[in-house]
Structures are given as structure tokens and as C-alpha cells.
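Visitor: got a predicted structure plus its sequence, pasted below:
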Amino acid sequence: METTSAKPGLFVDAPSVSRRPRWLRGDMAIAVLVLSPSIFAVAVFIYSFIVWSFFISGTKWNSAVVDLSWVGLDNWVNIFTNDRFQTDIRNLVLYAAGFMSQCIVLGFLLAVLLDQKIKSESVFRTIFIFPFAVSGIVTGVVWRWLMRPEAGLNLLFSSVGLDFLKSPWYTDPNWGVVAVSVAGAWQFSGYVMALYLAGLRGISNDIREAALIDGCNTFTLYRRVIVPLLAPVTFTAVVLTGMGSIRVFDLPAVIGTGAAFGTDALAFHMFSLTFTSLRYALGATIACVMIIVSAFLVVPYLRSMAREAEQ
Amino acid sequence: MTFQKAWPRGLIYLALICFAAYYLMPIYLLVITGLKTDAEINIDWMWRLPTGLHFDGFAQAWPRVSANFINSVLITVPSAIISAIIGSMNGYIFAKWKFRWSNTIFLLFLVGMFLPYQGILIPLVQTLQFFHVYATLPGVILVHCIFGIPLTALMFRSYFAAVPGELLDACKIDGCGFFGIYRYLMLPISFPAFAVVMIWQFTTIWNDYLVGLVVLSNPRLAPVNVAVQNLAGTYTTQWQVQMSGALIAALPTIVVYLALGKFFMRGLLAGSVKG
């Protein structure tokens, strides 16, 4: 177009231009153009790759040589009848239960404590969030030693006479994965605390005082007023910690999968099937299971975001 | 206020101090272990303070992770800068140039934030191999920039959404176009947003393990977290080496967090609270 002098929005009214849809006109067209490489990257690297992963999960490609002949649901049947995979699902449930409950309970509790007009609040806040700046690998290295049966926490417990607290931690064949979730929650609960603290700061003092005048004691104030008002924060925390449970990879990579895969995770199983055993189609199948499970969390979350974007 | 009295102040501080001790305990262990001499490395003395500042652990770990530490810098710094620039443009468009479907596209972007990377790992490796950037630093930088698109767009969009439309209209009347508004209005006010996004991306990419492990399969190019994990696998009994390596790997993000905690906090909230 020869509208070099035309300015966006306000002045564009040349007939040759106005016939086009608004989003193709002038600066709006530039905006779409500037955004398009990102749209392309997301479309290719996220959406087409997801489709491609699902496709691979239906092929014969289970060796170093690419073989894309179609086998239907063979890999899916293979995976779902696989013992290690079934243990992984059990581990996911236990890890999620441990990780989510610790993060949410600890996060809420710490936020409430910090919201009591504490002196040097920022020091405490800095300490609680600080593990979030530390990587999963570093967390794993430290906690592997902290939870080693003959060292770390057990040593500390017996030195102060709390021997009943001693535990086999991650070496426990049944409950080891819950011990791993302690390390995960150490790292992530500060984040949840920050979310709750921001939520608490958003509740006006008028509401609290009104509730107290109406005869609430502190406990009922929190139970009947504060916790319901913080429901959106809890929803966010559930989604984020749920996603964290599905994608946990660094901790089992460092701490190990345990003798009978008691501390294994889907993400780690996927990795070792694909990049160690070169069984790509089976690895892709687990990847697809992970996508499907996370969709149960992501879809409701995006719906709530879409609702808010409209308002 | 009356409800304050229901909480005994002393108990609140006691609880907070106990929790603080819990959160600091692993770091305490990392630091004291790195400062011990080899002779002091003994499981039974695990919790004991070192006899002096010896740095033996660090001296042993550093040569084994230093090259990877530099790799991490070479990966993380460009990735954080590039993805912040891309994010600022995208956020500006999503906030101020709403075209048809732009909200839908934005939500479709956000899916990428929640996707478990395993879901796209195999096609990713195939694609990078096809373009001959697999196991190269530019390849891994590209991957981090693309995976950063959703979050950086979200953060900048929330930030720019608060700029009043009247200011944009004023710019337009003054003759600014798409780039003019960005250059003269948005960019000058977006320093805090750049700080938040760059710190966030720096931390995320520095702490990444999976992408570094898979995309940089070459151990010479691997980032520091991969090296730390390898140390933990090789030096199984010399835990002072593992722990010192871990502390070295954690140091940059800890320093950034302590120095720029305010921006870090804002990033935490921007990453999850809706924009």
C-alpha cells in the first residue's frame, strides 16, 4: 500500500485500505507480522510436536533405526501392562498426594503466620522462598544425603533423642516416593506461600473486622471467611503443584529410582526408555500419557483464565 | 485489632524460626561440607561445623564443573536476553494491538507453559538434528527462547495492560506508529518488567536439567546441573565433592535472588496470577 503517511487507527480511512479487515490494516498488520514468528514457533514446537508425539506412539520405532510403520495401539497396550509403568502411576498418585498437600498446607500456614504483622517479615519471606531459586538437581543432591538412612536427618534425630522419628526415607520400598516429595515440597512450598501471602494482602481489613464484630473468633474467621475468599489462590496452587507432580524428573534422576522402581517417575521412565534404551515409540507413549494427565489440570485453568480475560 | 490478641506473639515467632531453620538446614549442610578438610568428612560428623575455612570441597569440585559452569553462562545469558526481547514485543501486541483471535492465540500460547516437556522431546530432538543444531549451544539457546515465549508474553502482557489507552492515542496523534509507540512509550517504562522477566528466565534456564541433558548430549557442552548430577553419580562416597559442586551450581541463582529479590517476587506472582 502507498499509505506511508497514514497513521494507525485514527487516520486510516483511504478507501483502498478500509476495505480490508481491521486486523490487516496499517499498524495492526505490522503487529500481526511481528507476532507471527512466535505464533509459528509455538505452532511448530508445541502443537505440531504434540501431534507428532502421538503419531510416534502408534509406530514401530523401538530401536535406533527410525521405523514409522503403523502398529496402532500396540505400544499403548505394551505400556499399560508394563510393571514399571504401573508402579509409576502409583508413584505419581503418592507423590502428588504428598507434594500437593505439603505445599498447600505449609504454604498457607506460612503465609498466615507472616500476615500477623511480623517484624522482619521480609527476612522470613526471603528464607522461605529461597529454595525456589535452587535447581531440582541441587535439591536432589542435598536431600539424598539428608535422607540417607545412616546419615543426615536420622543422625540428627538420634543425637537429640528423637529416635522414633528415624525413617528409611526414600529407601522404603512402599513409601519411598513420599520421602522424595518432602524434598520437592521443600523447594516449592515457598512459592505457594508467596501466592497465599499476595492473596491475604488482597483481603481488606474491613472484611476481617466485620467478621470479628459479627462474633467470629480467629479460627472461624479463617475457616468461614479467609479460606473461602482464597479459593482462587488454592485453585492456582493445586494446578501448579499438580503439574509439578506430573513433570517431576530431576529428583528421581538424582535420588534414583529405587530397587523396584519405588521412587521412579513417569518423566524419568520416559527419558530412560527413549534416550537410554532407544525405544522411541514406547517413550512417546509415556509422553502422551503425561500430556493427557496434565490436560485435566491445564484445561480448567485456561478456562478460568479465558473467563478473566473476557472481563 | 482484637484478632491479633488471639495469636500469642511469642508462639508465632517461635513457629517462624522453626520453619526458617527447616528451610535453611539443607543450605547449612551444603556450606559446612564444602568448607571442611577431607579428614573432617565423616558421616558421623556430618552436622558438625568445620574447624576452619578450608575450601577443600570446593577446590576439588571446581575443576570438575568449571567448564560446565561457563557453558551455563553462555547458554543462560543470551537466552534470557533474547527471550525478554521477544516477550516484550509479544506482550506489547497481546496487550495493546488486539486483533481478531489474539486472545485465543494468547491462551494457546499459555498451554506451552504447562506442557510437560517430555511430551515434545522426541520431535524436538529430531527437528534439531534435521537442522544440524542438535548438541550445539545455539540449538539449546533456540529451545530455551521458544519455550520461554509463553511465560515472557504473559509477564509483559500483564505489565503493558496497565498502560492507559489514552497514552497510546496521544502517541498516535503525535505521529507514532507501531514501532514508535514501542520505542518512545513502552520501552522506556518497561525496565522493571525487563528485570522481572530476565531474572525469571535466568533462574529457570540456569536451573534447567532436562533440556540440557537431552539437547546437549555432548558432555563437553553440558550445563552445570548436568555436571553436578554426573558428580553425584561418579563420586558416590565423596559427598563433599558432590555437595560443593551443588553449591557452586546454585550460587548464581542464589546471588541473583538475594540481590534482586523484589523483582524475583514479582516474577513469582506474575507467572501464576492471571494477567
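Guide: Looks like it came in fine.

Visitor: does the helix or strand B:Gly10 falls within reach chain A?
Guide: Using DSSP states H and E, the element containing B:Gly10 is helix B:9-34. Yes: taking CB under 8 Å from any CB of the partner chain as the criterion, helix B:9-34 and chain A are in contact, through B:9, B:12-13, B:15-16, B:19-20, B:22-27, B:29-30. (Glycine included, C-beta is placed from N, CA and C.)

Visitor: in chain B, which helix or strand is least confident?
Guide: helix B:2-5 (a mean of 50; mean pLDDT, DSSP states H and E).

Visitor: with chain A instead?
Guide: Going by mean pLDDT, DSSP H and E, chain A bottoms out at helix A:15-18, a mean of 46.

Visitor: are we agreed that A:Ala284 is in a helix?
Guide: Yes: the assignment for A:Ala284 by DSSP: H, G, I helix; E, B strand; the rest coil puts it in a helix.

Visitor: can you get me a residue count around it?
Guide: 30 (other CB atoms under 10 Å in any protein chain shown).

Visitor: for A:Asp115, same thing?
Guide: 16.

Visitor: one more: the one 5 residues further on?
Guide: Residues contacting A:Ser120 under the criterion other CB under 10 Å number 10.

Visitor: walk me through the domains of the chain.
Guide: With no chain named, the answer covers chain A. A:15-46, A:82-310 (automatic domain parsing).

Visitor: you answered for a different chain; I wanted chain B.
Guide: Split by automatic domain parsing, chain B gives B:2-45, B:62-270.

Visitor: next, count neighbours for residue 220.
Guide: Going with chain A. The number of residues packed near A:Thr220 is 14, by other CB under 10 Å.

Visitor: ah, no, chain B please
Guide: 9.

Visitor: quick check: it is in a helix.
Guide: No: judged by three-state DSSP, B:Arg220 forms no part of a helix; its state is coil.

Visitor: measure it to B:Ile70 for me?
Guide: 11 Å (CB to CB, to the nearest Å).

Visitor: can you list contacts of stretch B:81-93?
Guide: A:31-32, A:34-35, A:38, B:102, B:109, B:141, B:144-145, B:148-149, B:151-160, B:182, B:186-187, B:190, B:193-194, B:197-198, B:201 (CB atoms under 8 Å, 6 or more residues apart in numbering or on different chains).

Visitor: give me the mean pLDDT for the helix holding B:Gly10.
Guide: Helix B:9-34 shows a mean pLDDT of 92.

Visitor: with adjacent residues omitted, what lies nearest to residue 207?
Guide: In the absence of a named chain, chain A is used. A:Val225 (6.5 Å; CB to CB, 6 or more residues apart in numbering or on different chains).

Visitor: you looked at the wrong chain, it should be chain B
Guide: In space, B:Asn207 is closest to A:Ser135, 3.5 Å off (CB to CB, 6+ apart).

Visitor: that neighbour contacts B:Leu210, correct?
Guide: No: if you go by CB atoms under 8 Å, A:Ser135 and B:Leu210 don't touch, sitting 11.1 Å apart.

Visitor: so for these two, which sits in the more crowded spot?
Guide: Using other CB under 10 Å as the criterion, A:Ser135 and B:Leu210 rank with A:Ser135 on top: 25 against 21.

Visitor: tell me the contacts of the more buried one?
Guide: A:250, B:206-209, B:225, B:249-250, B:253.

Visitor: before we move on, what about A:Ile79?
Guide: A:85, A:282, A:285-286, A:289.

Visitor: near chain B too, which of the residues you listed?
Guide: Counting by CB under 8 Å from any CB, the members of the contacts of A:Ile79 near chain B are A:Ile286.
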